[in-house]
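**Student:** sequence isn't available, so here's the structure alone:
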């Protein structure tokens, strides 16, 4: 068992509520870099993995844990590159944390090529309740275009193994609007995903992040954006998944009843979470911050007894209200303006109300009592709506919000 020193449940930071607490563990190891990925990652070695697990435990010992964990999420990177024994060691870090029974939900992301019975047995024994399988596509040509290092055969073998291991929830990740992808090909990917009968489907529109191989291709004109095609694929996806019994609860996420990703929902509602590992973000103890995106420097700082955080921002009521509105409007349930207003009366609610009224008049949103939600066309423009919300919160006094 990995022992942790100095861990205690203390008083909550000033201004923090007593809501759920999540834990995100960033496992930074990848065998290769996907063309679309902008997350911090390094190639694994036996030495770097041993150091990562030791530092992870030490970093957890530097956190002032103020309540029991509600959710845990292992992401990356590729957590499945760790051996079964190493996955168990990382899970021991979670088990050593103070307070109450195990988390209500514990998710681990796995790439199809990394799924083995031994790893799944280790995760199931640890208490993991949810596997998120990063399929992205069933078509070899599209997987090659994304730089994904798995085959269609590996997808089916991995899914069968995950189901046989008995995890309560299984999520499948797909991507659309890929370079060269046709609507018929996307329909085929949806068909194959539905045939697997997962509990949850995440369908992400490809985004072009700076400092990625896809961004370079875009800047060179080798691929191009097609917003109209993206919108058609979004709507086609929502219709097909809805007809198959999956309820959309966020722009990119649909689930069967009882299988929403609670960790993500709590995050979108601006609950608190602790991030461990290089580049992991935290929203805890009155601050929002990110760990330094460097495995060695992260380890060196933790060895000195320091949290390796940077870009620290105070969690003011206004910031939390702004972000709760931005992310809340991406969820189908919407947001209760009155509740947000009670948490932060000093925020520029007149400008927010004016924006909500305009969105409603334009058919992008609807309002029932104090709750505001985006309609279908509004969800297609959720990013633009989020930008307008931020403008409303940050605009000089007397300024009007621009049209979406």
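**Tutor:** Received it, and whenever you're ready, just let me know what you need. As the structure is a prediction and not an experimental result, all values here were calculated from the model.
**Student:** where exactly do the strands run in the stretch 51-200 of the chain?
**Tutor:** Ranges of strands in the stretch 51-200 of the chain, per DSSP state E, counting those that start in this stretch, are 71-76, 105-110, 130-136, 169-176, 200-205.
**Student:** got those as JSON lines, with distance to residue 308, mean pLDDT and mean neighbour count columns?
**Tutor:** Just so you know, the C-beta spots here come from the backbone N, C-alpha and C atoms, and that holds for glycine as well. What follows is the strands of the stretch 51-200 of the chain, written out as JSON lines (distance: least, C-beta to C-beta, whole Å; pLDDT from 0 to 100; neighbours: other C-beta atoms under 10 Å):
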{"stretch": "strand 71-76", "distance to residue 308": "17", "mean pLDDT": "94", "mean neighbour count": "24"}
{"stretch": "strand 105-110", "distance to residue 308": "22", "mean pLDDT": "97", "mean neighbour count": "23"}
{"stretch": "strand 130-136", "distance to residue 308": "26", "mean pLDDT": "95", "mean neighbour count": "25"}
{"stretch": "strand 169-176", "distance to residue 308": "28", "mean pLDDT": "95", "mean neighbour count": "22"}
{"stretch": "strand 200-205", "distance to residue 308": "29", "mean pLDDT": "94", "mean neighbour count": "21"}
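**Student:** let me have those strands in JSON lines, extended by distance to residue 379.
**Tutor:** What follows is the strands of the stretch 51-200 of the chain, written out as JSON lines (distance: least, C-beta to C-beta, whole Å):
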{"stretch": "strand 71-76", "distance to residue 379": "24"}
{"stretch": "strand 105-110", "distance to residue 379": "24"}
{"stretch": "strand 130-136", "distance to residue 379": "22"}
{"stretch": "strand 169-176", "distance to residue 379": "15"}
{"stretch": "strand 200-205", "distance to residue 379": "12"}
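**Student:** so which of those strands comes closest to residue 323?
**Tutor:** Among the strands of the stretch 51-200 of the chain, strand 71-76 comes nearest to residue 323, with 18.3 Å by C-beta to C-beta.
**Student:** just checking, what packs against that closest one?
**Tutor:** On a contact count with 3 or more C-beta pairs under 8 Å, 6 or more residues apart in numbering; DSSP states H and E, strand 71-76 meets strand 21-27, strand 105-110, helix 262-268.
**Student:** to residue 189, which of those lies closest?
**Tutor:** For residue 189, the closest of the helices and strands packed on strand 71-76 is strand 105-110, at 18.7 Å, according to C-beta to C-beta.
**Student:** residue contacts, the residue nearest the centre of the chain?
**Tutor:** With distances taken as C-alpha atoms, centre = their mean, residue 264 lies nearest the centre of the chain, 5.9 Å away. Residues in contact with residue 264, defined by C-beta atoms under 8 Å, 6 or more residues apart in numbering, are 250, 253.
**Student:** next up, the contacts around residue 152.
**Tutor:** 138-140, 143.
**Student:** just residue 270 next, same as before
**Tutor:** Residue 270 makes contact with 283, 320, 323-324, 327 under the criterion C-beta under 8 Å, 6+ apart.
**Student:** that one belongs to a helix?
**Tutor:** No - the assignment for residue 270, made by DSSP: H, G, I helix; E, B strand; the rest coil, is coil rather than a helix.
**Student:** chain neighbours aside, what residue packs nearest to it?
**Tutor:** residue 324 (4.4 Å; C-beta to C-beta, 6 or more residues apart in numbering).
**Student:** now do residue 234
**Tutor:** The nearest residue in space to residue 234 (C-beta to C-beta, 6+ apart) is residue 380, at 5.9 Å.
**Student:** number of residues surrounding the one you found?
**Tutor:** 20 (other C-beta atoms under 10 Å).
**Student:** check contacts around it.
**Tutor:** Residue 380 sits next to 231, 234-235 when contact means C-beta under 8 Å, 6+ apart.
**Student:** thinking again about what came up before, ok, the residue nearest to residue 270 touching residue 271?
**Tutor:** No - counting by C-beta atoms under 8 Å, residue 324 does not reach residue 271; the two are 9.8 Å apart.
**Student:** strands of the stretch 301-404 of the chain, residue ranges please.
**Tutor:** 309-314, 335-336, 365-368, 371-374.
**Student:** before we move on, back to that, ok, so of the contacts of residue 152, who is nearest residue 197?
**Tutor:** Closest approach to residue 197 among the contacts of residue 152 (C-beta to C-beta): residue 138, at 14.9 Å.
**Student:** tell me how far the closest one lies from residue 186.
**Tutor:** Applying C-beta to C-beta, to the nearest Å, the value for residue 138 to residue 186 is 11 Å.
**Student:** more neighbours: the two, which one.
**Tutor:** residue 186 (25 against 21).
**Student:** would you check that the more buried one makes contact with residue 236?
**Tutor:** Yes - in this structure residue 186 lies within contact range of residue 236 using C-beta under 8 Å: 7.2 Å.
**Student:** low-confidence ranges in the stretch 101-250 of the chain?
**Tutor:** Within the stretch 101-250 of the chain, the stretches with pLDDT under 70 are 148-149, 207-227.
**Student:** 50 instead, please
**Tutor:** Residue ranges of the stretch 101-250 of the chain with pLDDT under 50: 208-209, 212-218, 220.
**Student:** redo the contacts of residue 152 as a markdown table? Include distance to residue 83.
**Tutor:** As requested, the contacts of residue 152 are arranged in a markdown table below (distance: C-beta to C-beta, whole Å):
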| residue | distance to residue 83 |
| --- | --- |
| 138 | 28 |
| 139 | 31 |
| 140 | 28 |
| 143 | 25 |
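**Student:** lovely, talk soon.
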